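Enquirer: My questions are about this predicted structure, shown below with the sequence.
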Amino acid sequence: MASATTPTTFSLIKTTAAASSASSPRASLLRLPAARIENFRRLAFSAADPLFSRHVALRVSSIKGKATRSVVSMAKKSVGDLTAADLKGKKVFVRADLNVPLDDNQNITDDTRIRAAIPTIKYLIENGAKVILSSHLGRPKGVTPKFSLAPLVPRLSELLGIQVVKADDCIGPEVEKLVNSLPDGGVLLIENVRFYKEEEKNEPEFAKKLASLADLYVNDAFGTAHRAHASTEGVTKFLKPSVAGFLLQKELDYLVGAVSNPKRPFAAIVGGSKVSSKIGVIESLLEKCDILLLGGGMIFTFYKAQGLSVGSSLVEEDKLDLATTLLAKAKAKGVNLMLPTDVVIADKFAPDANSKVVPASAIPDGWMGLDIGPDSVKTFNDALETTKTVIWNGPMGVFEFDKFAVGTEAVAKKLAELSGKGVTTIIGGGDSVAAVEKVGVASVMSHISTGGGASLELLEGKELPGVIALNEATPVAV
Ligand SMILES: Nc1ncnc2c1ncn2[C@@H]1O[C@H](COP(=O)(O)OP(=O)(O)OP(=O)(O)O)[C@@H](O)[C@H]1O
Ligand SMILES: O=C(O)[C@H](O)COP(=O)(O)O
């Protein structure tokens with residue numbers, strides 16, 4: 001049975017580009033309340049976006065039988081589609097991304113990814129499944145004790161409310177023995193799959209061995225969904241059904257659904273170190289957003305492309321033409337692309353550097369820009385005031401140094417304020433998530449992605465191998 005907070009699907013329409021223009025989904029709208037018809041139109045319209053049509057379907061949900069709102073979901077079979085009848089006594093291979101940071105004493109310093117994996121595991125154990133839980137940790141070359149998953153067992157057990165059993169390997173007779181002794185509703189954490197080089201090489205024989213432990217497969221490892229590895233992609237060839245976990249689904253709902261089909265005005269804030277690592281994201285967002293705010297180290301390449309002096313700020317000389325092209329593209333598309341008007345400059349790259357605020361056009365030689373200035377914060381805040389959807393990827397400055405964290409923290413605070421007013425706020429992973437957590441406003445955002453690389457690839461419009469490999473959801477006529 002679905003838990004009280006788990007949306008229960010009572011109708012599902014696969015909104016491929018073709019389906020959205022066909023008459024059947026439109027006809028099915030007639031049975032929906034007026035407010036939800038508008039929602040549906042928005043969603044169906046966005047099916048013209050090829051990424052949306054491949055990853056996303058319309059899901060009309062109910063909680064405890066009460067019709068709620070339409071939410072977008074991927075057109076992949078979900079763990080929520082499996083009932084107790086499908087799961088009781090079944091061995092379920094769950095791939096999660098439990099790649100959490102550990103300190104020198106093997107203490108977990110951020111358990112976000114463990115907490116994010118819990119709803120799927122809980123759903124499975126509450127429905128009587130035997131869960132074989134797998135993950136990678138770090139990038140080990142062969143068996144490396146410091147990358148063992150053992151330190152995760154106490155926290156997992158605490159969050160699940162049961163004692164999680166740990167295997168010393170991820171394949172082999174000892175693991176099989178532990179699987180066979182698992183009770184219904186039990187959880188076995190198998191060892192780091194990356195202790196075998198075959199994992200990252202996606203070797204079919206290794207995938208087959210992992211798959212042989214279970215009856216069916218759930219992928220909830222959003223953070224690793226951009227990797228075609230044995231435990232994320234290879235196993236799906238041997239386990240049917242292979243379905244999406246709740247976390248994977250939620251990430252796609254926001255990073256594909258809400259972005260392809262935003263409530264407007266839609267603003268994107270892109271920062272980070274280099275323009276070269278964000279080209280794909282900027283180009284993709286330029287197709288969708290109304291306002292694009294740029295910050296971080298990349299702005300100096302844009303300034304220099306416009307003929308400004310940037311002192312010793314970070315510049316990618318080989319991307320000057322690209323910056324000019326992106327500015328022209330934004331103009332042609334009617335996107336309001338805004339660069340910071342002032343910057344905080346430093347006399348060295350250090351936390352205790354001397355600093356001052358100058359207009360973007362007045363960076364002296366020998367000084368480098370490490371944050372956006374107060375005027376820019378105000379201008380950005382004013383621009384964000386009117387928005388209904390905001391996505392943020394990449395810090396505004398070198399936020400690791402307190403002196404240069406002001407711009408990034410101001411954006412985090414503004415997004416928290418907007419979230420409180422009903423604006424959809426999506427934080428796209430990596431350093432921006434760290435910044436939001438540092439400010440203590442993570443819990444108020446609409447969605448905080450658990451994937452750095454994976455969220456970036458999704459925002460670039462790429463398909464994720466770990467998602468593509470899953471079974472399609474069965475369309476249900478309304
Ligand atoms: N003006 C600047 N000069 C130099 N480095 C900067 C500047 N502004 C931001 N950075 C650096 O950019 C880095 C983050 O860039 P990155 O592109 O990796 O962001 P991200 O996309 O949020 O993170 P991830 O790649 O982990 O998802 C931070 O370490 C920050 O210090
Ligand atoms: O931390 C991450 O981004 C994911 O766990 C993927 O890790 P990887 O980059 O080592 O594949």
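Expert: Thanks, I have it. Ligands and ions are numbered 1, 2, ... in the order given.
Enquirer: So for the helix or strand containing Glu174, mean pLDDT?
Expert: Using DSSP states H and E, Glu174 maps to helix 173-180. Regarding helix 173-180, the rounded mean pLDDT is 98.
Enquirer: Please state the offset of that helix from the chain centre?
Expert: 33 Å (CA atoms, centre = their mean, to the nearest Å).
Enquirer: List the buried residues of the very next helix or strand once past that helix.
Expert: Remark: after helix 173-180, the chain's next helix or strand is strand 187-189, criterion DSSP H and E. Buried positions in strand 187-189, judged by neighbour count with 16 or more other CB atoms under 10 Å: Val187, Leu188, Leu189. Quick note: C-beta positions are derived from backbone N, CA and C, even for glycine.
Enquirer: Can I get these in JSON lines including pLDDT and distance to ligand 1?
Expert: JSON lines is the format used below for these (pLDDT from 0 to 100; distance: CB to the nearest ligand atom, whole Å):
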{"residue": "Val187", "pLDDT": "98", "distance to ligand 1": "30"}
{"residue": "Leu188", "pLDDT": "98", "distance to ligand 1": "31"}
{"residue": "Leu189", "pLDDT": "98", "distance to ligand 1": "26"}
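Enquirer: how deep is the residue in the stretch 201-350 of the chain positioned nearest to ligand 2 tucked in, by neighbour count?
Expert: Closest to ligand 2 within the stretch 201-350 of the chain is Gly223: 4.0 Å, counting by CB to the nearest ligand atom. Per other CB atoms under 10 Å, the neighbour tally for Gly223 reads 27.
Enquirer: Quick one: list the elements packing against the helix holding Glu174.
Expert: Packing partners of helix 173-180 (3 or more CB pairs under 8 Å, 6 or more residues apart in numbering; DSSP states H and E): strand 187-189.
Enquirer: Alpha carbons of the helix or strand following the strand it packs on, in PDB - could you do that?
Expert: Sequence order places helix 197-200 as the next helix or strand after strand 187-189, per DSSP H and E. Only the C-alpha atoms of helix 197-200 are listed here, as PDB (Å, rounded to 0.1, in the frame of the first residue of the first chain):
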ATOM      1  CA  LYS A 197      36.400  -2.300 -12.200                       C
ATOM      2  CA  GLU A 198      33.700  -4.100 -14.200                       C
ATOM      3  CA  GLU A 199      31.100  -1.800 -12.600                       C
ATOM      4  CA  GLU A 200      32.300   1.400 -14.400                       C
END
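Enquirer: nearest residue to the residue in the stretch 151-300 of the chain that ligand 1 sits nearest to other than its sequence neighbours?
Expert: Nearest to ligand 1, among the residues of the stretch 151-300 of the chain, is Gly272, at 2.5 Å (CB to the nearest ligand atom). Nearest residue to Gly272, sequence neighbours excluded (CB to CB, 6 or more residues apart in numbering): Gly394, at 3.0 Å.
Enquirer: So that neighbour sits against Gly271, correct?
Expert: Yes: counting by CB atoms under 8 Å, Gly394 touches Gly271, with 3.5 Å between them.
Enquirer: any common contacting residues for the two?
Expert: Common neighbours of Gly394 and Gly271, counting by CB atoms under 8 Å, 6 or more residues apart in numbering, are Gly295, Gly296, Ser432.
Enquirer: The first one: how many residues sit nearby?
Expert: Residue crowding around Gly295 was assessed by other CB under 10 Å; the count is 27.
Enquirer: Excluding chain neighbours, what is closest to Ala225?
Expert: Spatial nearest neighbour of Ala225, chain neighbours left out: Gly466 (3.5 Å); criterion: CB to CB, 6+ apart.
Enquirer: Next, count neighbours for that neighbour.
Expert: Residues within reach of Gly466, counting by other CB under 10 Å, total 28.
Enquirer: and it, helix, strand or coil?
Expert: helix (DSSP: H, G, I helix; E, B strand; the rest coil).
Enquirer: List the contacts of it.
Expert: Shown in contact with Gly466 (CB under 8 Å, 6+ apart): Arg95, Asn219, Ala221, Thr224, Ala225, His226, Arg227, Ala228, Thr232, Glu233, Leu248.
Enquirer: I'd like to know how far His447 sits from Gln249.
Expert: Distance of His447 to Gln249, computed by CB to CB, to the nearest Å: 12 Å.
Enquirer: Next: Lys208.
Expert: Taken as CB to CB, the span from Lys208 to Gln249 is 27 Å.
Enquirer: Neighbour count: these two, which is higher?
Expert: Gln249 (26 against 16).
Enquirer: element containing that one, please.
Expert: Counting by DSSP H and E, Gln249 is part of helix 246-252.
Enquirer: Could you list every helix and strand that that helix packs against?
Expert: Counting by 3+ CB pairs under 8 Å, 6+ apart, helix 246-252 packs on helix 112-126, helix 453-459, helix 465-468.
Enquirer: show me what contacts Asp103?
Expert: By CB under 8 Å, 6+ apart, the contact list for Asp103 reads Thr109.
Enquirer: follow-up on the earlier one: wait, the residue of the stretch 151-300 of the chain closest to ligand 1 sits on Val281?
Expert: No: using CB under 8 Å as the test, Gly272 is too far from Val281 to be in contact (9.1 Å).
Enquirer: what is in contact with those two at once?
Expert: Common contact partners of Gly272 and Val281 (CB under 8 Å, 6+ apart): Asn393.
Enquirer: residue ranges for the helices of the stretch 251-400 of the chain, please.
Expert: Counting by DSSP state H, counting those that start in this stretch, one finds helices in the stretch 251-400 of the chain at the ranges 259-260, 279-286, 299-305, 320-333, 374-385.
Enquirer: Mind telling me which residue of the chain is nearest ligand 1?
Expert: Closest point on the chain to ligand 1, by CB to the nearest ligand atom, is Gly430, at 1.9 Å.
Enquirer: residues contacting that residue?
Expert: Contacts here follow CB under 8 Å, 6+ apart; on that basis Gly430 touches Gly272, Asn393, Gly394, Gly452, Ser455, Leu456.
Enquirer: Go again with 7 Å.
Expert: Gly452 (CB atoms under 7 Å, 6 or more residues apart in numbering).
Enquirer: picking up where we left off before, ok, and of the shared contacts of Gly394 and Gly271, which contact ligand 1?
Expert: Taking CB under 6 Å from any ligand atom as the test, ligand 1 is in contact with Gly296, Ser432 out of the shared contacts of Gly394 and Gly271.
Enquirer: Serialize the shared contacts of Gly394 and Gly271 to CSV and add fields for distance to ligand 2.
Expert: Listed next are these as CSV, based on distance: CB to the nearest ligand atom, whole Å:
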residue, distance to ligand 2
Gly295, 22
Gly296, 19
Ser432, 14
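Enquirer: Now for the nearest residue to Val467 once chain neighbours are set aside, how many residues are close by?
Expert: Counting by CB to CB, 6+ apart, Val467 lies nearest to Ala225, which is 5.4 Å off, once chain neighbours are set aside. Using other CB under 10 Å, Ala225 is surrounded by 31 other residues.
Enquirer: Ala225 contacts Leu470, correct?
Expert: No: between Ala225 and Leu470 there is no contact under CB atoms under 7 Å: 9.7 Å.
Enquirer: Show the contacting residues for the residue of the stretch 351-478 of the chain found nearest ligand 2.
Expert: Ligand 2 sits closest to Gly452 of the stretch 351-478 of the chain, with a gap of 4.3 Å, by CB to the nearest ligand atom. For Gly452, the contact set (CB under 7 Å, 6+ apart) comprises Gly429, Gly430.
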